[in-house]
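J.: I need the structure of the sequence given here:
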Amino acid sequence: MLSPSPSNQRSTFGRVAETLAIAATGGTAVGLTGIPAGWLSGSIITVAVASLAGRPLLMPTRLTQAIYVLIGISLGGVVTPQTLHGIATYPLSIAVLVVAMAFISFAGATYLRRVHGWDQNSAYLASAPGDLSQVIALGAEIGADLRAIAIVQTMRVVIIAVGLPSGLALLGLVGPSVRRVGGPFSVDLLGKLAVLVVASALAAVLAYRTRFPGGLLFGAMLTSAALHGGGWIHAVTPWWVANAAMVALGAVSGSRFANMSLALLAKYILAAFGSFAVAVLISSLFAAGLIGMLSLRAADVLIAFAPGSVDAMMLLALALNLDPVYVGAHHLARIFFVSLSMPFVLRLSKRQEKLRGAVVPPQAPFQD
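T.: Numbers count the residues shown, from 1 in each chain. Okay, the predicted model is just below:
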């Protein structure tokens, strides 16, 4: 295999550096205003705009994977023994979530079919609140419209990540962004951070290799949470590390618009906003019902039920000072449910399409 030429390496490095610089500019500008999750939403917006303007922005896979591990470690650092006390309420809450996800998938697919004339498989995959890479892989396997699916899924993630924190703030459910302080630096802290990073990274790689859903993020998070929640280690991630993770994840989300023309985006923009509205309406109704039944914090439930990408929703939980264990448990359940149900639903859909498209043989003329 030929190694990349020095010129190609310089080109890749320049594209990545430009992407991170744009993300840092937007994230810092919005984050310093105190807007909830401003570091994340600001970086998403600026990188998305630059991508649509034609800049060749890029976030390499390896760098993205490292960001997921860093986010997982930061999330686990928020866990304390007290955050585990409400775990008894999880089964009922997760059961409500599963029903809500089923309604979102069905209603979203119905909207795209009836209003925008999509085929059944593409409509279902675009509406499924699951992992984008898995959705695209299944879409390629069955010959669905991959561009339409990717645009609708990406737009939903961006709208939720940018709009949900502001919406929660307007409703008074969350306060302004708070700077996290990791404590004074010391050699002892450096040693604890090293143990935390190594253990979490190893667990993340193991979970990823075994194809655990969201393995890099959840593997690191569960290990970090176990070390912090069990009282074995206390090494809170510095605020600037958490903010850097938000900016980097914003760059990942915004760079998904690279190589996408404005004309192509405009073609599917109404479908994206319409399916987003359907998903948010249904998830909000189920979340409101659950909040009425159980004594749960509204912001925790709304983020846990939001049909956005797992990485962005988990980072929002960190940015908004929510319960990462509750939010993480629900998004993990969502991934499992969608991952297990999606192949069966698509198989049933293909079978129904074959039945509808089957040609009925002509009847033989009546003879005496």
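
J.: ok, and for stretch 310-323, which residues are buried?
T.: Across stretch 310-323, burial judged by 16 or more other Cβ atoms under 10 Å covers 310-320, 322-323. In this view, the C-beta of every residue, glycine as well, is placed from N, C-alpha and C.

J.: Return the distance of the longest helix along the chain from the chain's centre.
T.: Across the chain, the longest stretch assigned as helix under DSSP state H is helix 324-357. Once both centres are worked out by Cα atoms, centre = their mean, to the nearest Å, helix 324-357 turns out to sit 16 Å from its chain's centre.

J.: got any ranges where the chain has weak pLDDT?
T.: Scanning the chain for pLDDT under 70 picks out 1-10, 80-89, 131, 175-189, 235-237, 349-350, 352-368.

J.: And the helices in it?
T.: For the chain, the helices defined by DSSP H cover 6-31, 38-52, 61-76, 90-116, 120-127, 132-142, 146-170, 187-209, 215-229, 239-254, 262-293, 298-305, 310-319, 324-357.

J.: now for the longest helix of the chain, which elements pack on it?
T.: Judged by 3 or more Cβ pairs under 8 Å, 6 or more residues apart in numbering; DSSP states H and E, helix 324-357 is in contact with helix 61-76, helix 90-116, helix 120-127, helix 132-142, helix 215-229, helix 298-305, helix 310-319.

J.: The residue sitting nearest the centre point of the chain and Asn259: what is the separation?
T.: Residue closest to the average C-alpha location in the chain (Cα atoms, centre = their mean): Ser309, at 1.3 Å. Separation of Ser309 from Asn259 (Cβ to Cβ, to the nearest Å): 20 Å.

J.: Please apply the same query to Val152.
T.: Val152 is 17 Å from Asn259, by Cβ to Cβ.

J.: same deal with Trp39?
T.: 26 Å.

J.: the more surrounded of these two?
T.: Per other Cβ atoms under 10 Å, whichever of Trp39 and Asn259 has more neighbours is Trp39, with 29 against 12.

J.: State the distance from that one to Ala242.
T.: 8 Å.

J.: so how many other residues sit close to the closest residue in space to Leu264 that isn't next to it in sequence?
T.: Leaving aside its chain neighbours, Leu264 sits nearest to Arg147 (6.9 Å; criterion: Cβ to Cβ, 6 or more residues apart in numbering). The local packing of Arg147 (other Cβ under 10 Å) involves 14 other residues.

J.: next one: Leu294
T.: 13.

J.: So Thr12 sits against Met59, correct?
T.: No: taking contacts as Cβ atoms under 8 Å, Thr12 lies outside contact range of Met59: 10.9 Å.

J.: Which one's more surrounded, these two?
T.: Comparing Thr12 with Met59 by other Cβ under 10 Å, the one with more neighbours is Met59, at 23 against 13.

J.: was I right about that one contacting Phe257?
T.: No: at 11.8 Å, Met59 does not count as touching Phe257 under the criterion of Cβ under 8 Å.
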